[in-house]
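*Asks:* Okay, sequence plus prediction incoming.
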Amino acid sequence: MIENVITLLQDDKFSAATLTDAVNRNPKVWRKLKSMGLFDEEPINTTTVVLDVSEGELSVMPQTSRGGPSSTQKPRSNKAVTLSVPNFKRKAYVTAQDLQNVIDTSTRSLENLENAIAKKARPLNDAMELTHEFLIAKALQGTVADAEGNTIVNLFTAFGKQQTTINFNFGTNGDVIGTADALDTAIDTALGDETKTSTLVLCSPGFWAAMLKNKTIFDLYKNREVGPNPLINDLRDGFEFQNLVFVKYAGSANGVPFIPADEAIALPLGTRNTFKMYYAPADLLDFANEDGKAKYLTQSYEKQDGEDKVVVRAETNPLPICNKPDVLIRVTKSNS
C-alpha cells in the first residue's frame, strides 16, 4: 500500500509545479479588494524589495538681478527603502480515514487520493486568498502586517511621510461638498506629477450608514445608476460624488474588521506606479531564485510512528505596498 501511494504521488499531476499551477488557475475565492485590481502584480526572484526613493522640491524660481548670480537648484534627495517579503505557510494532512469507506458524491464511487488532496487544497487556497485581502487592506492603511495584524513595516515611516486625516461632518451644519473637494485635492497634491482618474473611498459599514443619513448624500445615493460603477470593476454598492467613488466594504477576519469601525480609506484610482503587489518565490528548492507566484501548493508523503499520511502544504509570499503612502487618506466622521 505504501509503495502504491509513493508511486502515485510521483505522477506529474502531483508534482509541486503542477499543483501550484492548478491552484493559481482555479477560480479565485471572491475578495472585494483583490478583485478591484488596485495593485499591479510583479513577480520577483528574491525575498526582499529595494525601492529607490528620489524626491526633489519643485518651487517657483526667485527673481534674480541681470548680471548677478543665479539661484541654485536644490539637489534631489535619494534613499533606498528595503522591505522583506512576508512568508505565510499552512499545511493539512490526508490520512487513511479521508479515503477509507468515503463516497465521492460527484461520482458515487469510493474516494481516491487525488480527490482527497483536492478537498484539502480548497480551504488552503481560501486561506491564501483571505491573507491577500487582509494584506491589501492593511497596505491601503499604510502598513505591511502579519496575520495577527502586527505591523511589520509602517510605510509612512519608511518613506518619511505623514498621513492626512480628513473628517466628514454629516450633521446639518456639515459641508460635505466642500469636504469632498478638499479630500480630492489632498490626494492630487500628494500624487505630485502622477495622475489619477478618480478617488476611491472605501467605507466601513458604520461610516457608510452615517453617510447615508446625510440628506445631500442620501439623495444622490437614492438616484444613482443601478449596476456596477464603470470606473472600477464590480462595485455594486458604490456611487460617485464630487469625483469620489464611495464603496461600502465590510471585509473582516475572526470578527475583526479590515477597516476600523466608523472610518474610511481614500486612495487614487488609475495611477501608473503607485500600488504594487510583489510575489516572492516559495521557500522550496523547486522554486528557489525563480519568479514568484501568487500561491504555491505542494504535497509529500510522510510516515512516522507507524502512521502514514500525505502532507499538503500551501504557501504565499505577497508584499502589497503603496510607494506614495501620503496619497492614502484616513477619513473619519462626525455629526455635529
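*Replies:* Okay, I see it.
*Asks:* What ranges in the stretch 51-200 of the chain fall below the confidence cut-off?
*Replies:* Applying pLDDT under 70 to the predicted model, the residue ranges of the stretch 51-200 of the chain that meet it are 54-68, 70-78, 101-111.
*Asks:* Let me see the ranges of the helices in it.
*Replies:* 113-139, 155-158, 176-191 (DSSP state H, counting those that start in this stretch).
*Asks:* will you turn those helices into TSV that also has mean neighbour count and distance to T199?
*Replies:* Heads up, the C-betas are built off the backbone N, CA and C, glycines and all. TSV is the format used below for these (neighbours: other C-beta atoms under 10 Å; distance: least, C-beta to C-beta, whole Å):
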stretch	mean neighbour count	distance to T199
helix 113-139	20	17
helix 155-158	18	19
helix 176-191	17	5
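*Asks:* Dump these into TSV; add distance to F287 as well.
*Replies:* TSV is the format used below for the helices of the stretch 51-200 of the chain (distance: least, C-beta to C-beta, whole Å):
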stretch	distance to F287
helix 113-139	15
helix 155-158	27
helix 176-191	36
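*Asks:* Determine which of those approaches R31 most closely.
*Replies:* Distances from R31 to each of the helices of the stretch 51-200 of the chain were compared by C-beta to C-beta, and the smallest falls on helix 113-139, at 4.1 Å.
*Asks:* Quick one: list the elements packing against the closest one.
*Replies:* Contact here means 3 or more C-beta pairs under 8 Å, 6 or more residues apart in numbering; DSSP states H and E; on that basis helix 113-139 packs against helix 2-9, helix 16-25, helix 32-36, strand 88-94, strand 143-145, strand 296-304, strand 307-316, strand 318-322.
*Asks:* Now do the shortest one: everything it contacts.
*Replies:* For strand 143-145, the surrounding residues in contact (C-beta atoms under 8 Å, 6 or more residues apart in numbering) are 83, 86, 134-135, 138, 151-155, 319-321.
*Asks:* Nearest to M36 among those residues?
*Replies:* Here the nearest of these to M36, counting by C-beta to C-beta, is P320; it sits at 12.2 Å.
*Asks:* Roughly how far does T274 sit from S300?
*Replies:* To S300, T274 is 40 Å away according to C-beta to C-beta, to the nearest Å.
*Asks:* Same question for G306.
*Replies:* On the measure of C-beta to C-beta, G306 and S300 end up 18 Å apart.
*Asks:* Which one of the helices of the stretch 51-200 of the chain lies nearest to A250?
*Replies:* Distance to A250, taken as C-beta to C-beta, is lowest for helix 113-139 among the helices of the stretch 51-200 of the chain, at 11.2 Å.
*Asks:* From the chain's centroid, how far away is the closest one?
*Replies:* 14 Å (C-alpha atoms, centre = their mean, to the nearest Å).
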